[in-house]
Structure formats: C-alpha cells, structure tokens
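[1] Okay, predicted coordinates and the sequence, questions at the end:
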Amino acid sequence: MEPKHPTLIKQSEPYRMATHGKKADILIRQPEGYIQQMQAANPVLTPDQCEYIRFSTCFYRSLLCFDGMMLHSSAVAVDDRAYLFTAPSGTGKSTHTSQWLQLFQNRALIINDDKPALRWIDKQLCACGTPFSGKTAQSRNVCIPVAGICILERGKTNQIKSITAKQAIPILYEQTIHSLRAQKMEQLLAMLQSVVEAIPLYRMRCTIGVEAARTAYEGMSQSGQRRKTEV
C-alpha cells in the first residue's frame, strides 16, 4: 500500500520491509476519487481519516485469506504471552491494558491497542501488531502467541471467570469485521471457530487500577497454564 496522508504514513513506517522483488501478498489500492466520495458521504471525516478507514478495512478483509482475522481489542503481552481484552468502544480496554504496563513495566508491551491481527502461525495463534491501532496509535511490529481472550466489563469489584465458546462467540463476532460477502464470511466463521476452540476465554468485571490488571493476569495466566497441563 502507498498511503498519502500523514497518519497512515507515520504508523506504517515501523512495518516497512524490503521485498527483494517479490510480489506483495496483499495489495491495497486507492481508486481515483474514492476519498472524495467517502468524505462526501461522511462530512465529519477528514481525508486522512477516510484513507485510514479504507486501508484498514481492505487489509482486514484480505487477512481472512491468510489464516487471520481482526479482533477489536487491546492486546498486551507479558513475558512473551499475549492477552487480549475486547469490549464495545468506551468500555475502557486501553485504560485497563495501560495498567498492565504500570504493573509489569519493562516486562510488558502493547502489541496493538485497537485492532490486532490474529493469525495462525506454525500452529500457534498469534496476536500481531498492525499500523491500524486506533486513537492511541500504540502498536509494535511483533507476533506473540495468545494466552487468552477476555471480554471486559465495568464493575465495582475485580472478578474474572472462564466462559465457554458458546458464550464468547456472539460477542467476539460483534467485535470483528463482518460486513462481508459469502466466501469471506465463511472464512471468518471458520477462523472464529478455530480461535474459540483453542484459546482460553474469559469474562471480567473490573474497576480502574493496577489491582484490576493483577487480577486479570493472575486469572488468565494461571487458568491458561492449568488448561495447557490438562490438555
């Protein structure tokens, strides 16, 4: 892709790589006049925002062809294990994962704060950074194995529990791209099924603070280790 506006140009730079003459797996073009049409339909959006939305949508649709999908979430890693927190916008995903950085400091990093890519790589589900990372623009060009996915809710106390695939699927489906044609929808559903069958799933009600991060980490890391041992 060849972005023309500053946001995507800046956020894409850490992902630049030499092609050595090879063709790209995904090619995203910007049709002539598309940005103007999109802005005319959405006057509140700037050309910069229109480009960002179009390129991210094209990328995540194409990702379905490469054993991957997008999950609207904040993905944080501790000790090379990734933990994803998903919820509707405004719930506090970024606030929660920022507490992980405070708690674990240099042991932790944000992989992607809004739209990490999930991909099966060498039979492991990995959370991967992308240039498309929301308002905070926090992302790293890394791929880290996923230890758990948690549905986050606000609460007056910190409580986390395991949930079933059946409980998680409707919520996870709502937090990914699903305006798709039939073939892409089949790919998405197959990918989503493979994720919920392989990865520990949780629901957490939490306050804002470091103790919420501690509760989440202890619940997800310990439960995940038990499940791995049992399998």
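    Okay, I see it.
[2] Count the residues that sit near D80.
    Number of residues near D80 (other CB atoms under 10 Å) recorded here: 11. Quick note: C-beta positions are derived from backbone N, CA and C, even for glycine.
[3] Surely it and I144 touch.
    Yes. Using CB atoms under 8 Å, D80 is in contact with I144, at 5.9 Å.
[4] Give me the phi and psi for the residue nearest the centre of the chain.
    Central residue of the chain (CA atoms, centre = their mean): P116, 2.5 Å from the mean position. The phi and psi values for P116, taken as degrees, to the nearest 10, are phi -60, psi 150.
[5] ditto for the one 10 residues further on
    When quoted as degrees, to the nearest 10, the phi and psi of C126 stand at phi -120, psi 150.
[6] Just grab the bridge partners of it for me.
    Legend: beta-bridge partners of C126 under DSSP bridges are R119, P145.
[7] how close does the closest residue to P47 other than its chain neighbours sit to E51?
    Leaving out its chain neighbours, the residue that sits closest to P47 by CB to CB, 6 or more residues apart in numbering is I35, at 5.2 Å. Using CB to CB, to the nearest Å, I35 is found at 6 Å from E51.
[8] got it, and F104?
    35 Å.
[9] Looking only at neighbour counts, state which of the two leads.
    E51 (23 against 18).
[10] Now do the helix or strand harbouring the more buried one: distance to the chain's middle.
    Counting by DSSP states H and E, the element that carries E51 is helix 47-63. Centroid displacement of helix 47-63 relative to its chain, using CA atoms, centre = their mean, to the nearest Å, is 15 Å.
[11] Could you check how far the helix or strand just after that helix is from the centre of its chain?
    Using DSSP H and E, the helix or strand that follows helix 47-63 towards the C-terminus is strand 68-70. Relative to the centre of its chain, strand 68-70 is centred 8 Å away, using CA atoms, centre = their mean.
[12] next helix or strand past strand 68-70?
    With DSSP H and E, the next secondary element past strand 68-70 is strand 73-78.
[13] what pairs with that next one, and is each one parallel or antiparallel?
    strand 81-86 (antiparallel), strand 108-112 (antiparallel).
[14] hmm, who's touching that strand?
    Residues outside strand 73-78 that contact it (CB atoms under 8 Å, 6 or more residues apart in numbering): 82-87, 93-94, 96-97, 100-101, 104, 107-116, 127, 142, 144, 149, 175, 217, 221.
[15] Swap in 7 Å and give it another go.
    82-86, 93-94, 97, 100, 104, 107-114, 116, 127, 144, 175, 217 (CB atoms under 7 Å, 6 or more residues apart in numbering).
[16] Same question for stretch 145-159: list its buried residues.
    V146, A147, G148, I149, C150, I151, L152, N158 (16 or more other CB atoms under 10 Å).
[17] Check stretch 82-94 too.
    The neighbour-count check on stretch 82-94 (16+ other CB under 10 Å) flags A82, Y83, L84, F85, T86, A87, T91, G92, K93, S94 as buried.
[18] By pLDDT, rank those residues and give me the bottom one.
    Among those, T91 carries the lowest pLDDT, at 85.
[19] K161 pairs with what?
    R203.
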